[in-house]
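A.B. asks: below is the sequence, then the predicted model.
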Amino acid sequence: MGGTQACRSAVFYQPAVSHLLCFVGKSQRVHGGNNVFDCCLGTRDNPIPSRIVRSYRLQLVQDGCDIPAAVFITTRGKRLCAPPQAQWVLKLQEKLNAKFARKVRAIPVLS
Amino acid sequence: CLEQGQEAGSWEHCDGDSWEGGILPELCEKQAVQSFARTYQPAVYLLLSLLGTVGNGLVLLTHTRYRRAHSITDVCLLHLALSDLLLLLTLPFAVTDTLQGWSPGTATCKALQGLYALNFYSGFLFLTCISVDRYVAIVQVPAACRLRPRARRHGWLTAGLAWLLATLLALPQFIYGRAEQHQDLRLCRVVFPRAVSRAARGATNLVQVVLGFAVPFLVMVSCYAAVARTLLAARGAQPHRALRVLLALVLVFVALQLPHSLMVLLDAAELLASWEVSCAQSRRKDLALLVTGGLANLRCCLNPLLYAFLGQRFRHELWLLASDAGCVGPLDPRCPSCPSPRRRTSISTCPDVV
């Protein structure tokens, strides 16, 4: 849940930051429509380098998707599906959380 | 730089992200299906609600005003119209959910999801009861005659049981309907507990196909086949009109329900057997579920036409209604749409017409 919560709080504090960190390709699009959701349909246990990952979010089965997954958003805006329990996935998530926390502290609150 | 789809580690040889698409599967985007849904669903659902409200409203009005139910079929037709009307009235809410997200609370969402499921099931139960009652009235004449004095009471009892069974079947929707944040929108959905989510969705789909299609279909086909045999054997009366009506009932039921039921069955199999499908397949499946779902809801608009309007009695009552409202003059015996007593040979629940 860390990723999605982090993104929401970013939206709350500072829209520009949220855009920077939580930009998920076309994340502003309206979803819905007879439960047609963008989902990861499968995952693969292939580690990816952290330098190409901008942020992540977790896909839950309750979201209307068939499987749980960690969705990594790359610097190019691609959304890659990884197994949420894999060690490298958890580590990468922690790294991204830490990076996110640093950035939020660094940005002054605008009036 | 190495080609896409290389093993992990090869990324170091690349300057950019050219490999990223191959190493991990990508999220399946369904933007095209979503925008189609946002056009198709409002157009089809609003049209259906409008037409269906008029049709079923007229059935309810004529039944309550002019008809004293004499048979189980009469009672079931009245409740079928009510059930269809309630189902169609939930559709505009589904449309606003699709277009703008769900602003009312979770309680309203439960009511919407529950009422839709309740009326979905009750409609099939009433259709099934009507076919059984017609079978008894036409094929099992002695039993029908014996039961006839109590038919009205049996009708209400049947309807009550059908509503009760439909409510039980709709319990998952009443319990697990929830207004929930989904990425950037709040949506009204049925959210099963995480641990059983996949199995529960699969099981709900399976129940929907078995009780919402397979059982009613088998009962209807066997009842109406027996009725058709009896009508063909009976010389004299005009069996052809009645047979055409029976054929229309079954064909329309199959044409509207079979496509959606097959898609729901496919979805259930995928959920329960944990098949992994490709993105293109998943898009096609969602599109097919959407289109066939609209078709399946069309049933609620056609029931008044198939079950009530094809009957001469209903047309006669409509005429009475119009003349009561001052739209037309008093009943004209020469008007072609008005029934003459001798022509009341359409499939009737009354055993003495056969």
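C.D. replies: Received it, and whenever you're ready, just let me know what you need.

A.B. asks: for my notes, confirm residue B:189 occurs in a helix.
C.D. replies: No. Read with DSSP: H, G, I helix; E, B strand; the rest coil, residue B:189 is strand and lies in no helix.

A.B. asks: since we're on it, how many residues are nearby?
C.D. replies: A total of 22 residues lie near residue B:189 under the criterion other C-beta atoms under 10 Å in any protein chain shown. C-beta here means a position set from N, CA and C on the backbone, and glycine is covered the same way.

A.B. asks: could you say which helix or strand holds residue A:80?
C.D. replies: strand A:79-82 (DSSP states H and E).

A.B. asks: near chain B, anything from that strand?
C.D. replies: Yes. Judged by C-beta under 8 Å from any C-beta of the partner chain, strand A:79-82 comes into contact with chain B at A:79, A:80, A:81, A:82.

A.B. asks: now, which of those sits nearest residue A:69?
C.D. replies: Nearest to residue A:69, judged by C-beta to C-beta, of the residues of strand A:79-82 next to chain B is residue A:81 at 4.8 Å.

A.B. asks: residue contacts, the closest residue to the closest one other than its chain neighbours?
C.D. replies: Setting aside the residues directly before and after it, residue A:81 is nearest to residue A:40 in space (C-beta to C-beta, 6 or more residues apart in numbering or on different chains), at 3.4 Å. Counting by C-beta atoms under 8 Å, 6 or more residues apart in numbering or on different chains, residue A:40 touches A:59, A:65, A:67, A:69, A:71, A:79, A:81, B:25, B:27, B:28.

A.B. asks: what does residue B:233 give?
C.D. replies: For residue B:233, counting by C-beta under 8 Å, 6+ apart, there are no contacting residues.

A.B. asks: would you put the C-alpha positions of the strand holding residue A:80 in CSV?
C.D. replies: Taking C-alpha atoms only, strand A:79-82 is exported to CSV below (Å, rounded to 0.1, in the frame of the first residue of the first chain):
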residue,chain,number,x,y,z
ARG,A,79,4.3,0.0,-16.5
LEU,A,80,6.0,-3.3,-15.7
CYS,A,81,4.5,-6.2,-13.7
ALA,A,82,6.5,-7.9,-11.0
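
A.B. asks: ok, back up a step: go through the contacts of residue A:40 and name the one nearest residue B:134.
C.D. replies: Residue B:134 lies nearest to residue A:65 out of these, by C-beta to C-beta, at 45.0 Å.

A.B. asks: same for the strand or helix carrying residue B:36, what does it pack against?
C.D. replies: Taking DSSP H and E as the definition, residue B:36 sits inside helix B:31-66. Helices and strands touching helix B:31-66, by 3 or more C-beta pairs under 8 Å, 6 or more residues apart in numbering or on different chains; DSSP states H and E, are helix B:72-100, helix B:279-303, helix B:312-324.

A.B. asks: report the buried residues of that helix.
C.D. replies: Using 16 or more other C-beta atoms under 10 Å in any protein chain shown as the test for burial, helix B:31-66 gives B:33-34, B:36-38, B:40-42, B:44-45, B:48-49, B:51-53, B:55-56, B:58-60, B:62-63.

A.B. asks: need the nearest residue in space to the residue of the stretch 51-200 of chain B found nearest chain A, chain neighbours excluded.
C.D. replies: When scored by C-beta to the nearest C-beta, the stretch 51-200 of chain B has residue B:197 as its residue closest to chain A, at 4.2 Å. Among residues not flanking residue B:197 along the chain, residue A:61 sits closest, at 4.2 Å (C-beta to C-beta, 6+ apart).

A.B. asks: that neighbour: how many residues sit nearby?
C.D. replies: Residue A:61: 20 neighbours (other C-beta under 10 Å).

A.B. asks: that one and residue B:198 touch, don't they?
C.D. replies: Yes. The pair residue A:61 / residue B:198 is scored as a contact, 6.1 Å apart, by C-beta atoms under 8 Å.

A.B. asks: now residue B:24: closest residue in space, sequence neighbours ignored.
C.D. replies: Per C-beta to C-beta, 6+ apart, closest to residue B:24 is residue A:80, 3.9 Å.

A.B. asks: oh, I was asking about residue B:301
C.D. replies: For residue B:301, ignoring the flanking residues on the chain, the nearest one in space by C-beta to C-beta, 6+ apart is residue B:52 at 4.1 Å.
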